[in-house]
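Participant: What follows is a predicted structure for the sequence shown.
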Amino acid sequence: MFVERNAGSLSLFLAVTLAIAVECVPGRATAEPAGPAPNVPGGMTAGERDLFEVADEANNPLPTHTQLQFKPSYTFPEGDTRYKAEMLFEPLLPYPAFLIPDLEVADFWSIARIQLTAESLQNSKGPASGLTDLTLTDLVAHTLGPFDAALGFATVFPMATTPALGQGKWQLGPAAGLRLESIKQLRIAALVQNFYSVAGSNQSPALAYVTVQPFITLHLPTAFFFSSDAPMSFYWKGGQSTVPVNLGFGRAFGKHFVGSVRGWCTVADADRGAIKGEVVLNFQP
């Protein structure tokens, strides 16, 4: 019953989300949100410039082009975790409006980010497989000198198909993003989200925490790049903090596809010493 109810809610939510995306989100061939002109290194051919911009967008938390990202990963055995395999689906959907579709304000654009993970794991509590909770972040962005700055909100819907894969609480809170583009080969950005539980199962503890996700990208010749974007979580109520770091190496393979591989290591608090390998497949329609 738990699985059927949550799966039905998830299907309805995703159907509504995809309908909004099709109606409101522009692709490369149509009008795009107002965003800054990319700071591209000189001396590039037109083709090299296109690949640079595609690679840059793939690592941008405040993009102006639609991103569809698939991130399969595997966490190697550590502590009571015998295995953990995940597939994160993360669309980033920019649209030319002020948070609300069709509410257009000059020089502002908005970004909706959805995160949904299919997960299979086994630990001391036994095996579990299914979908996790769904996270939605909606930001409105504006260029302030060398920075792109964004404010908005984030929410977590308790849609996990089994209690072992979710937190059991609907969560809501503010979100903010910042990106620096003034260094030609280097991009530095951050996304901060503050969550508070507002409803949900009485069997789950109340939650209050902040996630901090730094984005660091070093562009190399021929559309290659190094990147790091591991999100850290800091709880002061109801959960365990975790501080991972990661390093990725990738390349833009065309105007619509960027691929990379990443290695992760948790260096502090919960799951310290855990090692994870990840592949990132970024499609830009």
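Facilitator: Structure received.
Participant: Residue ranges in this structure under the pLDDT threshold?
Facilitator: Across the chain, residues meeting the criterion (pLDDT under 70) sit at 1-44.
Participant: again, only using 80
Facilitator: 1-47, 77-82, 123-125, 269-271 (pLDDT under 80).
Participant: would you list every one of the strands in it?
Facilitator: With DSSP state E, the ranges of strands along the chain come out as 67-75, 83-95, 108-123, 126-131, 134-144, 147-157, 169-180, 186-200, 208-219, 224-228, 232-237, 242-252, 257-269, 275-283.
Participant: nearest to Pro163, of these?
Facilitator: Smallest distance to Pro163 across these (CB to CB): 8.6 Å, for strand 126-131. In this view, the C-beta of every residue, glycine as well, is placed from N, C-alpha and C.
Participant: Which neighbouring elements make contact with that closest one?
Facilitator: On a contact count with 3 or more CB pairs under 8 Å, 6 or more residues apart in numbering; DSSP states H and E, strand 126-131 meets helix 2-24, strand 108-123.
Participant: try 10 Å
Facilitator: Applying 3 or more CB pairs under 10 Å, 6 or more residues apart in numbering; DSSP states H and E, one finds that strand 126-131 contacts helix 2-24, strand 83-95, strand 108-123.
Participant: hmm, back to that, so for Asn59, which of the strands of the chain sits nearest?
Facilitator: Distance to Asn59, taken as CB to CB, is lowest for strand 208-219 among those, at 4.2 Å.
Participant: Just checking: what are the partner strands of the closest one?
Facilitator: Pairing partners of strand 208-219, with direction, according to DSSP bridges: strand 186-200 (antiparallel), strand 224-228 (antiparallel), strand 232-237 (antiparallel).
Participant: could the ones you listed go into CSV alongside mean neighbour count?
Facilitator: Shown next, in CSV, are the strands paired with strand 208-219 (neighbours: other CB atoms under 10 Å):
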stretch, mean neighbour count
strand 186-200, 18
strand 224-228, 18
strand 232-237, 15
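Participant: Just give the number of residues close to the closest residue in space to Gln185 that isn't next to it in sequence.
Facilitator: Leaving aside its chain neighbours, Gln185 sits nearest to His219 (4.9 Å; criterion: CB to CB, 6 or more residues apart in numbering). His219 has 21 neighbours, counted by other CB atoms under 10 Å.
Participant: For the residue nearest to Ala55 when sequence neighbours are not counted, grab the count of nearby residues.
Facilitator: Excluding the flanking residues, the one nearest Ala55 by CB to CB, 6+ apart is Ala252, at 4.0 Å. Ala252 has 27 neighbours, counted by other CB under 10 Å.
Participant: how near is Ala252 to Phe225?
Facilitator: Distance, Ala252 to Phe225, using CB to CB, to the nearest Å: 8 Å.
Participant: shared neighbours of the two, anything?
Facilitator: 52, 55-56, 58, 219, 258, 260 (CB atoms under 10 Å, 6 or more residues apart in numbering).
Participant: rewinding a little: show me what the residue nearest to Ala55 is bridged to.
Facilitator: Residues in beta-bridge contact with Ala252 (DSSP bridges): Val258.
Participant: With Leu134 instead?
Facilitator: As for beta bridges, Leu134 partners with Phe157 under DSSP bridges.
Participant: Would you agree His234 is in contact with Ala270?
Facilitator: One thing to correct before we go on: residue 234 is Phe, not His. No: between Phe234 and Ala270 there is no contact under CB atoms under 10 Å: 11.0 Å.
Participant: Quick check: neighbours shared by these two?
Facilitator: Counting by CB under 10 Å, 6+ apart, the shared contacts of Phe234 and Ala270 are 241-243.
Participant: now these in CSV, with neighbour count?
Facilitator: Formatted as CSV, the shared contacts of Phe234 and Ala270 follow (neighbours: other CB under 10 Å):
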residue, neighbour count
Ser241, 14
Thr242, 20
Val243, 17
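Participant: Looking at these, which one is closest to Ile188?
Facilitator: Nearest member of the shared contacts of Phe234 and Ala270 to Ile188, counting by CB to CB, is Val243, at 18.8 Å.
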